[in-house]
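1. Let's see this in three dimensions:
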Amino acid sequence: MCNATTAMVAISAASAGLQYKMGKAQQQAAYDRDKRQNELARKNAIIRYASAQLKIRQTLKKSATKDYFASLKGRKVRAKYIAGVGDAGGLALHGSVNALLANYYRTEGKYRNAIRNNMAINISQFERNLEAIQFGQEAQSTYVTPPNPHLLFATQALNVANAYYTLEAKKQMSGLMSSSDKKNQWASIDDVR
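-> I've put the predicted structure just below:
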């Protein structure tokens, strides 16, 4: 009977050893998978950041170009009217030219103001996009749990101990002497001697 118990405990220990190795490999694989997932989320966020930054730079450049050409056009028109007044030399045209220039300044100001307002809206949207990218990265990331071989080893050691004490309990319930009973019997024999 003792050989059967020893064999059962040895088999349980071997099984626990294999389960430990498999569990450790599974924990390492899950850890590596989570790290890869987080790295992919980070790379994706970097690409999306770069794309958003390129878009806003292109929009800023487009807006600055529009503003520049509006400024050039305004200067040309003003120079044309001022030169026309100088050629005509008449004061009668001077009041209507001033009214025309005032109207043009107002129109130009509204146009340039619209460009600036649109840029402010675009920049605000860009900032919200960056926040969304950051939130997306956090949503794609996983909590990384490093492998814990010590806990796994302790679990398997307790499983072996559980198998041993279960066998001992079954022996006692079936009326057989357990290993501790045999030790106690031998100890009492030694005491008698």
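2. Let me know the pLDDT of Gln185.
-> On the pLDDT scale, Gln185 is placed at 56.
3. To clarify, my last question referred to Gln28.
-> Reading off the model, Gln28 has pLDDT 90.
4. So the closest residue to it other than its chain neighbours, which state does it fall into?
-> The shortest distance from Gln28 to any non-neighbouring residue, by CB to CB, 6 or more residues apart in numbering, is to Pro147 (5.1 Å). (C-beta placed from N, C-alpha, C; glycine too.) When classified by DSSP: H, G, I helix; E, B strand; the rest coil, Pro147 comes out as coil.
5. ok, now Thr142?
-> Per three-state DSSP, Thr142 ends up coil.
6. Now do the residue nearest to it when sequence neighbours are not counted: how many residues are near it, please.
-> In space, Thr142 comes closest to Asp34 once its chain neighbours are excluded; the distance is 4.6 Å by CB to CB, 6+ apart. By other CB atoms under 10 Å, 16 other residues sit near Asp34.
7. My read is that Asp34 contacts Tyr143, right?
-> Yes. In this structure Asp34 lies within contact range of Tyr143 using CB atoms under 8 Å: 7.3 Å.
8. Could you list the low-pLDDT ranges of this structure?
-> 1-2, 81-95, 97, 176-193 (pLDDT under 70).
9. Let's see that with 50 instead.
-> The chain contains residues with pLDDT under 50 at 1, 90-92.
10. longest helix anywhere in it?
-> Of all the segments of type helix in the chain, defined by DSSP state H, the longest one is helix 2-88.
11. Tell me which other helices or strands that helix touches.
-> helix 92-140, helix 149-173, helix 179-192 (3 or more CB pairs under 8 Å, 6 or more residues apart in numbering; DSSP states H and E).
12. repeat that with 6 Å
-> Packing partners of helix 2-88 (3 or more CB pairs under 6 Å, 6 or more residues apart in numbering; DSSP states H and E): helix 92-140, helix 149-173.
13. Return the residues in contact with the nearest residue to Phe153 once chain neighbours are set aside.
-> The shortest distance from Phe153 to any non-neighbouring residue, by CB to CB, 6+ apart, is to Tyr20 (6.0 Å). Neighbour list for Tyr20: 152-153, 156 [criterion: CB atoms under 6 Å, 6 or more residues apart in numbering].
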